[in-house]
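1. sharing a model that was predicted from the sequence below.
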Amino acid sequence: MSTRPRPGVLRDPDFRRLFAATAFGQLGDRVVFLALPLIAITALRADEFQVGLLTTMTTAGSLLVGLPAGAWVDRMRKRSVLVSTDLARALVLLTLPLAWWADLLSIWWLYTVALVHGVLTVFFDVAHVSFLPHLVGRDQLMEGNSKLSAIRSVTSISGPGLAGPLVGWVGAPVTVLVSSVGMALSGVLATGIRTRERKPEPSRQPRLGRDIGEGLKFVLRHAGLRAITLGDATFNLFLVMYQAMLLVFLEREIGLGSFGIGVVLSGMGCGALVGALVAARVSRWVGQGPVIWLAPLVTCPPTALMASARPGWSVCVAVVGIAGLSLGGVVRVVAQSSFQQALAPDRLLGRVSATARFVSWGVIPLGGLSGGALGSAFGAAATLWIGAVGMTLSAVPTFFSPLRTLRTAPKEEAAALAR
């Protein structure tokens, strides 16, 4: 792994290639985020529970393969995983417009595509997080994560802004073509990255259970990593409840069309972009540990404004609240991702990332089901209230942990944990 000092990550040609690949891949991902539920809501006329079940299928991959994905990725070169999963996701998404044109598209086809795409995304995300320390060195993780978060945020603005009018013009199923092309371009660009991490040496007696156990042990032994994982799990559970009913609320209770929904989601992207631009500075000013619990405590309560919104100007005020949620979310994720990457040794990067993801993302399918069930029983607005309260409470585990005052990840502790 390269550790030489560099003047800035964007001056590295390989980081620029990863940056460009991330831009196209995330554009595709943001279009999918809007298009899949709109296919269910507008094209297939799905009810609230079916929309919640779609969210579950989209995120069930973390629960199904979350732990073994880390062990498998640690046995492979990460760049190869990035390329292969991007191209596979592009092909899977391509089946949606083809099924639509053949008049074969059904809610079950949509569920299947969402599930397969989600499983592939688990492998992609684990490899992406694990590859960055090899590419930029551990001393530039905060900058690298901030730059990648910035481009994700730009696509969070442009993706829904592009997808909304496209859905209105050609329909949600055909709009998925943009996602397929974006992910294919991401895979092609990643093939140009010349930096090759050393191929992991195969274990004399490779055992999946033992490899998974190493990642679990590393995360559970560190109080800060345990708190981050538990806080993330709480946040994601209630965030997905909130998101599962947000599009239903906007389309059926506020009366927004696909263009208006795209504008609302672009507002969330604006908040994420601001968060990416200030994340490194805020972490240095407040401290890497405190910012992890302060961000949700400050930025989650205003999301309740959406539940009280009515057609008209109050929607604009509510968008400010969810933009703040995105801002705080990016600041928190940049800080905790950099903390996690700095602590994990090279040989465990994939497993540590996968373990944290398994626990914190494994609850997301439950969040989708709960959101759909609560929406059916009490309505979309009540579910948004519940989501706002739960996301705010996600600050509790990290507040009552050493992260409350910890400014940076101690290198000597990382070395001790790796033994």
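-> Alright, I've got the coordinates.

2. below-threshold pLDDT in the stretch 101-250 of the chain: ranges please.
-> The model of the stretch 101-250 of the chain has pLDDT under 70 over residues 156, 160-161, 164, 200-206.

3. which residue ranges of it form strands?
-> Here the stretch 101-250 of the chain has no strands by DSSP state E, counting those that start in this stretch.

4. all helices for the stretch 151-300 of the chain, in order.
-> Secondary structure of the stretch 151-300 of the chain by DSSP state H, counting those that start in this stretch: the helices cover 172-190, 208-221, 223-248, 258-286, 288-299.

5. so for Leu366, which of those helices sits nearest?
-> Evaluated with Cβ to Cβ, these place helix 223-248 nearest to Leu366, the distance being 6.4 Å. Heads up, the C-betas are built off the backbone N, CA and C, glycines and all.

6. go through that closest one and flag the buried ones.
-> By 16 or more other Cβ atoms under 10 Å, the buried positions in helix 223-248 come out as 224-248.

7. what's the answer for stretch 32-46, then?
-> By neighbour count, with 16+ other Cβ under 10 Å as the criterion, the buried positions of stretch 32-46 are 32-44, 46.

8. can you tell me which of those residues is closest to Asp74?
-> The shortest gap between Asp74 and any of the buried residues of stretch 32-46 belongs to Val32, at 27.4 Å (Cβ to Cβ).

9. thinking the closest one is in contact with Leu177, fair?
-> No. In this structure, Val32 is not within contact of Leu177 by Cβ atoms under 8 Å, at 11.0 Å.

10. reformat the buried residues of stretch 32-46 as a markdown table; add distance to Leu110, secondary structure and pLDDT.
-> Formatted as a markdown table, these follow (distance: Cβ to Cβ, whole Å; DSSP: H, G, I helix; E, B strand; the rest coil; pLDDT from 0 to 100):
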| residue | distance to Leu110 | secondary structure | pLDDT |
| --- | --- | --- | --- |
| Val32 | 11 | helix | 85 |
| Phe33 | 14 | helix | 80 |
| Leu34 | 14 | helix | 79 |
| Ala35 | 10 | helix | 85 |
| Leu36 | 7 | helix | 88 |
| Pro37 | 10 | helix | 86 |
| Leu38 | 11 | helix | 84 |
| Ile39 | 6 | helix | 88 |
| Ala40 | 6 | helix | 87 |
| Ile41 | 11 | helix | 84 |
| Thr42 | 12 | helix | 80 |
| Ala43 | 9 | helix | 81 |
| Leu44 | 7 | coil | 85 |
| Ala46 | 9 | coil | 84 |
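
11. please convert these to JSON lines, extending it with distance to Ala380.
-> Converted to JSON lines, those look like this (distance: Cβ to Cβ, whole Å):
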{"residue": "Val32", "distance to Ala380": "22"}
{"residue": "Phe33", "distance to Ala380": "18"}
{"residue": "Leu34", "distance to Ala380": "17"}
{"residue": "Ala35", "distance to Ala380": "20"}
{"residue": "Leu36", "distance to Ala380": "18"}
{"residue": "Pro37", "distance to Ala380": "13"}
{"residue": "Leu38", "distance to Ala380": "15"}
{"residue": "Ile39", "distance to Ala380": "18"}
{"residue": "Ala40", "distance to Ala380": "14"}
{"residue": "Ile41", "distance to Ala380": "12"}
{"residue": "Thr42", "distance to Ala380": "16"}
{"residue": "Ala43", "distance to Ala380": "19"}
{"residue": "Leu44", "distance to Ala380": "18"}
{"residue": "Ala46", "distance to Ala380": "14"}
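
12. now for those: which two are most distant?
-> Top of the distance list for those (Cβ to Cβ): Phe33 and Leu44, 17.2 Å.

13. tell me how far the residue nearest to the spatial centre of the chain lies from Val83.
-> To find the centre residue of the chain, average its C-alpha atoms and take the closest one (Cα atoms, centre = their mean): that gives Asp125, at 8.3 Å. Taking Cβ to Cβ, to the nearest Å as the measure, Asp125 falls 14 Å from Val83.

14. related to what we said a few turns ago, what's the closest of the helices of the stretch 151-300 of the chain to Ala382?
-> When the helices of the stretch 151-300 of the chain are ranked by distance to Ala382, counting by Cβ to Cβ, first place goes to helix 223-248 at 8.8 Å.

15. report the distance from the closest one to the chain centre.
-> Helix 223-248 has its C-alpha centroid displaced from the chain centroid by 11 Å (Cα atoms, centre = their mean, to the nearest Å).

16. again with stretch 214-232
-> Averaged C-alpha coordinates place stretch 214-232 at 19 Å from its chain's average position (Cα atoms, centre = their mean).

17. span of that stretch from start to end?
-> 21 Å (Cα to Cα, to the nearest Å).

18. likewise for stretch 396-403?
-> Taking Cα to Cα, the first and last residues of stretch 396-403 lie 11 Å apart.

19. quick one: contacts for Lys147?
-> Contacts of Lys147 were listed using Cβ atoms under 8 Å, 6 or more residues apart in numbering, and they are 9-10, 15, 19, 276.

20. same deal with Arg226?
-> Listed by Cβ under 8 Å, 6+ apart, the contact set of Arg226 reads 219-220, 397, 401.

21. including distance to Gly25 and neighbour count, could the residues you listed go into a markdown table?
-> A markdown table is the format used below for those (distance: Cβ to Cβ, whole Å; neighbours: other Cβ atoms under 10 Å):
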| residue | distance to Gly25 | neighbour count |
| --- | --- | --- |
| Val219 | 26 | 26 |
| Leu220 | 31 | 13 |
| Pro397 | 31 | 21 |
| Ser401 | 33 | 22 |
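
22. ends of stretch 98-113, what's the gap?
-> End-to-end distance (Cα to Cα), stretch 98-113: 12 Å.

23. stretch 187-197 too?
-> Between the opening and closing residues of stretch 187-197 lies a distance of 18 Å (Cα to Cα).

24. now the residue nearest to Ala43 when sequence neighbours are not counted: how far from Ile41?
-> Closest residue to Ala43 in three dimensions, ignoring its sequence neighbours and counting by Cβ to Cβ, 6 or more residues apart in numbering: Ala172, at 5.5 Å. Here the criterion is Cβ to Cβ. By it, Ala172 lies 8 Å from Ile41.
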